[in-house]
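Student: pasting the sequence and the predicted coordinates here, then a few questions.
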Amino acid sequence: MTALAGPAFPAPPRRLGLRGGLRNTSTLTWRSVLKIRTNMEDVLGLSLNPIMFLLLFTYVFGGAIAGGTHAYLQFELPGILVLSVVFATLGTGLMLNQDIAGGVFDRFRSLPIARWAPLAGAVLGDMVRYMISVAITLGFGMILGFRITTSALSAFAGCLLVLAFALAMCWVSALIGLLAKTPQGVQWFGSLIYFPLTFGSNVLVPTQTMPGWLQAFVKVNPMTDLTEAVRGLLVGGPVATPVIRSLLWAVGIFAVFAPLAVRVYRRKT
């Protein structure tokens, strides 16, 4: 009987260590990247949204707000960069919601991998989406006439700041995707949060042109600090204070929403 049973195989460990979890996360991150490559509709949306924002806002509002399209383009492009990348983070919640509804995460649960690896892999894989949005926004803006008036290093730091903030915001999107029952719910709840944050800031117009009650909200809005930081790094202006505030906001958002998303994810899976 022993000979027929064959050699005994060791049972997989019930809890993986940090090293094993990171290895699982890197594998699932690559899976998320491959999903982006095969989903041409998502890539098309990431490409067209920044282009549409730049064309509409530059040529509809440019003359009225700044007296000319070029002057307004120099002012608005950093804001459009923030706007495009922040809205791109909503895709994280949509993809998570679709994967959970389709039973993909149930299959992950049956595998001997770290429980948090699928969630972390989905979030990190979406960083490629944000990089695409940054590249399209800057590239098309330069075609329209936008010029970086600082240094290449400063502009690179501005792009990294946007990506770091997006990494924090995608945990907000992940939490929405885990709580909502349908992709339509993700879009609705996401829009309810993202629209006031992005458009209720100095992304498109200077703060001092707004009513007093609205200025009070704009001044405490994290998007305002991020936009001022990116604007200073790309075209000049105050940098130190808004950059520090943006990083503090990013750390705070991550510290609050990442544990919440992991907790809801563990409860649902």
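Tutor: That came through, no problem. Numbering: from 1, shown residues only.
Student: dump the residue contacts of Leu90.
Tutor: Shown in contact with Leu90 (C-beta atoms under 8 Å, 6 or more residues apart in numbering): Ser173, Ile176, Val186, Gln187, Gly190, Tyr194. In this view, the C-beta of every residue, glycine as well, is placed from N, C-alpha and C.
Student: that should have said Ser84, apologies.
Tutor: Applying C-beta under 8 Å, 6+ apart, the residues near Ser84 are Asn49, Pro50, Phe53, Ser133, Val134, Ile136, Thr137.
Student: what pLDDT does it get?
Tutor: At Ser84, the pLDDT value in this model is 90.
Student: not counting its neighbours along the chain, what's nearest it?
Tutor: In space, Ser84 comes closest to Pro50 once its chain neighbours are excluded; the distance is 4.3 Å by C-beta to C-beta, 6 or more residues apart in numbering.
Student: ok, that neighbour to Gly232 distance?
Tutor: Computed with C-beta to C-beta, to the nearest Å, the distance linking Pro50 and Gly232 is 21 Å.
Student: avg pLDDT for stretch 100-116?
Tutor: Rounded mean pLDDT across stretch 100-116 is 73.
Student: out of Pro50 and Gly232, which sits in the more crowded spot?
Tutor: Pro50 (27 against 20; other C-beta atoms under 10 Å).
Student: quick one: which helix or strand includes the more buried one?
Tutor: Using DSSP states H and E, Pro50 sits in helix 40-66.
Student: following element in sequence after that helix, please.
Tutor: helix 69-88.
Student: so what's the gap between the following helix or strand past that next one and the chain middle?
Tutor: The element immediately downstream of helix 69-88 (helix or strand, assigned by DSSP H and E) is helix 90-101. Remark: helix 90-101 is offset 13 Å from the chain centroid, using C-alpha atoms, centre = their mean, to the nearest Å.
Student: repeat for stretch 59-71
Tutor: That offset, for stretch 59-71, works out to 28 Å (C-alpha atoms, centre = their mean).
Student: let's test this: mean pLDDT of that stretch, rounded?
Tutor: 86.
Student: go through that stretch and flag the buried ones.
Tutor: By 16 or more other C-beta atoms under 10 Å, the buried positions in stretch 59-71 come out as Gly62, Ile65, Ala66, Thr69.
Student: ok, stretch 232-249 next?
Tutor: Under 16+ other C-beta under 10 Å, the buried positions of stretch 232-249 are Gly232, Leu233, Leu234, Val235, Val239, Pro242, Val243, Arg245, Ser246, Leu247, Trp249.
Student: low pLDDT regions in this structure?
Tutor: By pLDDT under 70, the low-scoring segments of the chain are 1-18, 20, 36, 105-106, 269.
Student: Leu226: which of the contacts of Leu90 is nearest?
Tutor: Tyr194 (13.4 Å; C-beta to C-beta).
Student: tell me which element that closest one falls in.
Tutor: Assigned by DSSP H and E, Tyr194 falls in helix 183-199.
Student: give the next helix or strand downstream of that helix.
Tutor: On the C-terminal side of helix 183-199, the closest following helix or strand by DSSP H and E is helix 212-219.
Student: and the following helix or strand past that following helix, what other elements does it pack with?
Tutor: Elements were assigned by DSSP H and E; along the chain past helix 212-219, the next helix or strand is helix 222-235. Helices and strands touching helix 222-235, by 3 or more C-beta pairs under 8 Å, 6 or more residues apart in numbering; DSSP states H and E, are helix 69-88, helix 152-179, helix 183-199, helix 240-268.
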